[in-house]
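1. Okay, sequence plus prediction incoming.
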Amino acid sequence: MAHIDRAFRSNIKLRHLQLLVALDEFRHLGRTAEFLSVSQPAVSKVLAEVEKMLGMTLFTRSTRGTEPTAAGESLVRFSRSVLAQYDVTRDEIEAVASGAAGRVRVGSMGATLPVLLAQAVARLKDRSPRATVLIEEGDLTHLLPRLRLSELDLIVGRLEPAYAAPDLVTEALYEEPMVAIVAPAHPLARKKKVGWADLAAYPLVLPPPWASLRVKIEQAFFRHGQQPPADIMESSSYLAVTTFVAQRQAAGFVARSVGRQMQAEGRFHVLAMDVEVELPPVGLITLRERRLPPSVTELAACLRETAQDIVQSSAKNVPTRRRKTSTSRKTAVRTS
């Protein structure tokens with residue numbers, strides 16, 4: 001495979017990689033040409049050029065469009081990674097030239113966006129007002145592929161054990177339970193004590209079926225002799241959860257710090273009930289082999305400081321016995 005090595009080292013250019021990524025996105029020569037502002041014959045010519053360099057077919061053509069071959073899929077992944085790193089390097093150089101603090105691309109799960117990440121970004125902005133933070137919300141099934149392609153610098157969220165991998169570095173920050181929330185005018189907001197039977201009588205916003213939290217919440221209903229309500233909405237989006245809770249007289253589940261903040265703002269009410277589900281800690285996920293730019297390192301430091309504030313705030317409202325248990329579990333996660 002000497003010719004492939006030679007092609008990668010000497011012949012393949014950024015324009016080739018950009019074309020392959022665009023072809024994978026649009027799966028159509030004409031739409032790819034329109035996106036790249038070139039003619040369709042030009043797209044065909046460049047693709048043929050790359051395939052000739054490598055001595056293999058990268059995309060199959062048909063009347064329905066183009067589809068990547070197995071080799072094409074591998075090269076598209078490589079192309080996305082290189083282009084993402086190119087963007088990072090360009091942004092770093094531009095930041096140095098302009099005096100700005102750089103750009104950070106963060107993947108955030110719903111448990112961390114409204115409090116942990118929002119406060120950490122505020123901290124970063126106090127120190128580096130010209131720093132830019134791009135935030136993409138989602139669950140790990142969506143965010144991890146983007147981290148591995150270097151389209152994200154780090155992920156903030158719950159450290160689900162099922163997603164652990166040798167190429168990832170995880171850092172636990174704190175443990176945090178879930179709470180159930182409703183709109184302030186919801187009938188359950190007036191109850192001094194709420195049980196799972198009460199929740200079963202109203203619409204409910206749940207995580208998607210493939211999320212481990214979904215299974216745990218359903219198991220909690222069953223443990224208390226209840227069936228989950230038939231009227232459910234499914235989403236891992238923080239915005240979707242809060243929208244349905246506000247507009248459909250539904251109940252939803254959020255991290256405790258998020259629920260407390262929304263209740264303090266008068267937007268939602270935290271129900272007087274224990275949500276008895278075991279949850280992984282909240283923390284950071286980065287790629288093991290990737291050097292973090294200074295701006296990302298600075299945001300990570302802000303996240304750690306904010307996490308300590310959240311822990312201290314929660315400790316004021318937690319009985320001593322439970323506080324000690326939480327601390328010991330957190331230590332175990334950090335050292336495993």
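-> Perfect, I can see it now.
2. and the chain, what are its domains?
-> 2-81, 100-175+280-335, 178-270 (automatic domain parsing).
3. What are the boundaries of the helices in this structure?
-> Using DSSP state H, the helices of the chain run over 2-6, 14-26, 29-36, 40-54, 70-98, 118-127, 140-148, 196-199, 212-223, 238-247, 256-264, 294-315, 320-335.
4. For the chain, which helix or strand comes out least confident on mean pLDDT?
-> The helix or strand of the chain with the poorest confidence is helix 320-335; it has a mean of 38 (mean pLDDT, DSSP states H and E).
5. Any regions of the stretch 1-150 of the chain where pLDDT drops low?
-> By pLDDT under 70, the low-scoring segments of the stretch 1-150 of the chain are 1-3, 88, 91-92, 94-101.
6. how does it look with 80?
-> 1-11, 84-102 (pLDDT under 80).
7. Who are the contact partners of residue 40?
-> By CB atoms under 8 Å, 6 or more residues apart in numbering, the contact list for residue 40 reads 29-30, 33. Placement of C-beta: from N, CA and C, glycine included.
8. Not counting residues beside it along the chain, what's closest to it?
-> residue 33 (4.4 Å; CB to CB, 6 or more residues apart in numbering).
9. hang on, the earlier thing: of the helices of the chain, which is nearest residue 287?
-> helix 140-148 (6.2 Å; CB to CB).
10. What is the neighbour count of residue 277?
-> With neighbours defined by other CB atoms under 10 Å, the count for residue 277 comes to 16.
11. Not counting residues beside it along the chain, what's closest to it?
-> Leaving aside its chain neighbours, residue 277 sits nearest to residue 216 (4.1 Å; criterion: CB to CB, 6+ apart).
12. Okay, residue 307 and residue 127: tell me how far apart.
-> From residue 307 across to residue 127, the span is 17 Å (CB to CB, to the nearest Å).
13. quick revisit: now flag whichever of the contacts of residue 40 is closest to residue 141.
-> Nearest to residue 141 among the contacts of residue 40: residue 29, at 30.6 Å, using CB to CB.
14. Outside of stretch 112-131 itself, list whatever touches it.
-> 98-104, 106, 108, 133, 135, 137, 156-157, 173, 238, 255, 257-258, 261-262, 282, 295, 298-299, 302-303, 305-307, 309-310.
15. Show me how far stretch 150-162 is from its chain's centre.
-> Relative to the chain's own centre, stretch 150-162 is displaced by 6 Å; criterion: CA atoms, centre = their mean, to the nearest Å.
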